[in-house]
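Chemist: the sequence and its predicted three-dimensional model are supplied below.
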Amino acid sequence: MEDYKYLFKIVLIGDAGVGKTCLVRRFTQGLFPPGQAATIGVDFMIKTVEIDGERVKLQIWDTAGQEKFRSITQSYYRAANALILVYDVCSQATFDSLPQWISDIESFAKHKVLAYLVGNKIDQINSREVPSYIGKQWADRFEMRFLETSAKDAENVDILFYDIAMELTKDAREKDKLESDCTGFNISPNTKTINRCTACFKF
Ligand SMILES: Nc1nc2c(ncn2[C@@H]2O[C@H](COP(=O)(O)OP(=O)(O)OP(=O)(O)O)[C@@H](O)[C@H]2O)c(=O)[nH]1
């Protein structure tokens, strides 16, 4: 049996060509693939990381950005523990598509899913079309976390995935603790009284 404490599903979405596959390959394989082909449908890769001494397995789903695959890729949103919405900082058009992606998240993902907005390709300094502060403003408006990355130069890529892994692990631990604290009725051996876990009460 594989040895890990938690398994989380992370799904990358965003327009075609923004660099989703390159981000995943940079993180999972430590490389920037030359001439990366467009994704067909959905692909996935695995990486196990260590968070505070515990092994956490990340199942990373890389979806195709092309419109024709949209109905297939939308079916993957529901299972996501975290979503990464990627645009290309050198392409205003990919930033202008964000409202459509947000609407898809609202329609298909879990309520209040952990969501990141990521502006990729920051290595192309002279071709930038979307300033950082615009991306950040947009992320704040939709209560998303924000990062800018370069899959090519490996900038902020590990930070992105580790940040997600840490956040999801923290949530999972809190949930575990609540469940172990909350065993319903329990009998205290000293006082011989029956206590009701307060977290079990629902008003
Ligand atoms: N300069 C630069 N180019 C990048 C970066 N990330 C990806 N690219 C290039 O952008 C192109 C598209 O990258 P992909 O990773 O295939 O993009 P995608 O979002 O997965 O595209 P689809 O699979 O069609 O949805 C490729 O030519 C990559 O080499 C980056 O950080 N910097």
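Modeler: Alright, I've got the coordinates. Just so it is clear, the model here is predicted, and its values are computed rather than measured.
Chemist: switch to C-alpha atoms for all contacts and neighbour counts from now on
Modeler: Noted.
Chemist: which positions in the helix or strand containing residue 159 come out as buried?
Modeler: Using DSSP states H and E, residue 159 sits within helix 157-181. For helix 157-181, the neighbour count (16 or more other C-alpha atoms under 10 Å) marks 157, 158, 160, 161, 162, 164, 165, 166, 168, 169 as buried.
Chemist: before we move on, what about stretch 37-49?
Modeler: Under the neighbour-count criterion of 16+ other C-alpha under 10 Å, stretch 37-49 has 39, 41, 42, 48, 49 buried.
Chemist: now do the contacts for the second one.
Modeler: For residue 41, the contacting residues are 63, 64, 69, 72, 73, by C-alpha atoms under 8 Å, 6 or more residues apart in numbering.
Chemist: ok, now residue 148?
Modeler: Applying C-alpha under 8 Å, 6+ apart, the residues near residue 148 are 118, 119, 120, 122, 132, 156.
Chemist: and it, how far from the ligand?
Modeler: 10 Å (C-alpha to the nearest ligand atom, to the nearest Å).
Chemist: ok, residue 21 next?
Modeler: 4 Å.
Chemist: which residues are in contact with that residue?
Modeler: Counting by C-alpha under 8 Å, 6+ apart, residue 21 has contacts 36, 39, 62.
Chemist: show me the strands in this structure, by range?
Modeler: Per DSSP state E, the chain carries strands over the ranges 6-13, 42-51, 54-63, 82-88, 114-120, 145-148, 185-187, 194-196.
Chemist: lowest-confidence helix or strand of this structure?
Modeler: In the chain, the helix or strand scored least confidently by mean pLDDT, DSSP states H and E is strand 194-196, which has a mean of 44.
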